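Asker: Next come a sequence and a model predicted from it.
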Amino acid sequence: MHKKVSVIIPFYNSENYLEECINSVLNQTYKNFELILINDCSIDNSEKIVKSYIEKGHKIIYKKLSINSGQGICRNLGIKLANGYYITFLDSDDFWSSDKIEKHLKFHENKELKFSFTNIRIINEKGCIILKRQTIIKSKVNYKSLLTNNYIPTSTVLINKTLLNKYKFPNYRKKQDYILWLEILKKESIEAYFFDNCLTTYRKHKNQITNNKLKLIPLHFNILRRTQDLSVFKSFTYTLSWGALGFYKHFLKKE
């Protein structure tokens, strides 16, 4: 019997992209999944879009937060509601290829993994391709290598729910996913395995903080200091490596 996969989508004011995101899940070739949508107090038409799918008979687990709390809190609620053996996440402005779950799950189960992720293509707000595929990615990511760069895009992750019963997204507005991946890899002494297949399309926006590496440098440093209990020297060294790799990828834009 195919194990159930829980797909968790947090959203906030996502009316421009939410339908494409939801459709990419509903059209999956792998059918044993549940879709969990968490509304982070949207004030646009996002809720109407979700309710229209429910009215059409689509089986969607839907919850709305009473106050805007951020993606980490939304994902934690989704995990709590999830009935799947596996958990996946999808940001509301990203979308999947129709065979994402099927191919990724086959890779994950054939290698008997607990934590894996795929490659991505990157598009802009208008849907034009910026990058066909990432090239600077390790086949296996451990705790130490993750300190130098977040190789794991959240919308590509497939992870056993047993891990997420033990570890939660921290209440940080930025990079809460990165902090969680660090905690899991460190405390479980495992590796996250890379499936080099572009099954996820990631949408980059002009005003995203991730577009400004200079602003992210102190954030990255502070995260390492506060959440990983690293010395000033080690935090600075890893941040420097992370920044150098980020600028390298940005300016070369290899495909």
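Answerer: Thanks, I have the structure now.

Asker: low pLDDT regions in the chain?
Answerer: 1, 136, 207-214, 245-255 (pLDDT under 70).

Asker: hey, which strand is longest across it?
Answerer: Longest strand of the chain, by residue count under DSSP state E: strand 192-203.

Asker: in that one, what's buried?
Answerer: Using 16 or more other C-beta atoms under 10 Å as the test for burial, strand 192-203 gives Ala192, Tyr193, Phe194, Phe195, Asn197, Cys198, Leu199, Thr200, Thr201, Tyr202, Arg203. Bear in mind the C-beta positions are built from the backbone N, C-alpha and C, glycine included.

Asker: Mind giving me the packing neighbours of that strand?
Answerer: When contacts are defined as 3 or more C-beta pairs under 8 Å, 6 or more residues apart in numbering; DSSP states H and E, strand 192-203 packs onto strand 95-96, helix 100-110, strand 115-123, strand 140-141.

Asker: could I get the ones you listed as JSON lines with mean neighbour count and distance to Cys21?
Answerer: Formatted as JSON lines, these follow (neighbours: other C-beta atoms under 10 Å; distance: least, C-beta to C-beta, whole Å):
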{"stretch": "strand 95-96", "mean neighbour count": "24", "distance to Cys21": "5"}
{"stretch": "helix 100-110", "mean neighbour count": "19", "distance to Cys21": "12"}
{"stretch": "strand 115-123", "mean neighbour count": "21", "distance to Cys21": "13"}
{"stretch": "strand 140-141", "mean neighbour count": "18", "distance to Cys21": "25"}
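
Asker: And the closest residue to Thr227 other than its chain neighbours, how far from Ile223?
Answerer: Excluding the flanking residues, the one nearest Thr227 by C-beta to C-beta, 6 or more residues apart in numbering is Ile179, at 5.1 Å. Distance from Ile179 to Ile223, counting by C-beta to C-beta, to the nearest Å: 6 Å.

Asker: Please identify every residue contacting each of those two.
Answerer: Both Ile179 and Ile223 are contacted by Tyr172, under the criterion C-beta atoms under 8 Å, 6 or more residues apart in numbering.

Asker: which residues touch the closest residue to Asn119 other than its chain neighbours?
Answerer: Excluding the flanking residues, the one nearest Asn119 by C-beta to C-beta, 6+ apart is Cys198, at 4.8 Å. Taking C-beta under 8 Å, 6+ apart as the contact definition, Cys198 lies against Ser97, Thr118, Asn119, Ile120, Arg121, Lys132, Arg133.

Asker: Which one of those is nearest to Pro10?
Answerer: Proximity of these to Pro10 (C-beta to C-beta) peaks at Ile120, which lies at 18.2 Å.

Asker: Which residue ranges of this structure form helices?
Answerer: 18-26, 46-55, 71-81, 100-110, 143-148, 161-164, 176-188, 213-227, 232-252 (DSSP state H).

Asker: the inter-axis angle of the third one versus helix 176-188?
Answerer: In terms of direction (axes from the mean of the first three to the mean of the last three C-alpha atoms, to 10 degrees), helix 71-81 departs from helix 176-188 by 60 degrees.

Asker: And helix 71-81, how far out from the chain middle?
Answerer: Helix 71-81 sits 13 Å away from the centroid of its parent chain (C-alpha atoms, centre = their mean, to the nearest Å).

Asker: do stretch 151-169 as well
Answerer: 8 Å.

Asker: try stretch 86-100
Answerer: Using C-alpha atoms, centre = their mean, the offset of stretch 86-100 from its chain centre is 9 Å.

Asker: What is the end-to-end distance of it?
Answerer: 14 Å (C-alpha to C-alpha, to the nearest Å).

Asker: Enumerate the positions of it that are buried.
Answerer: 86-98, 100.

Asker: got it, and stretch 41-54?
Answerer: Ser42, Ser46, Glu47, Ile49, Val50, Tyr53.

Asker: wait, the first one sits on Tyr12?
Answerer: Yes. Checked against C-beta atoms under 8 Å, the pair Ser42 and Tyr12 is within contact range at 5.4 Å.

Asker: Fine, thanks again, bye for now.
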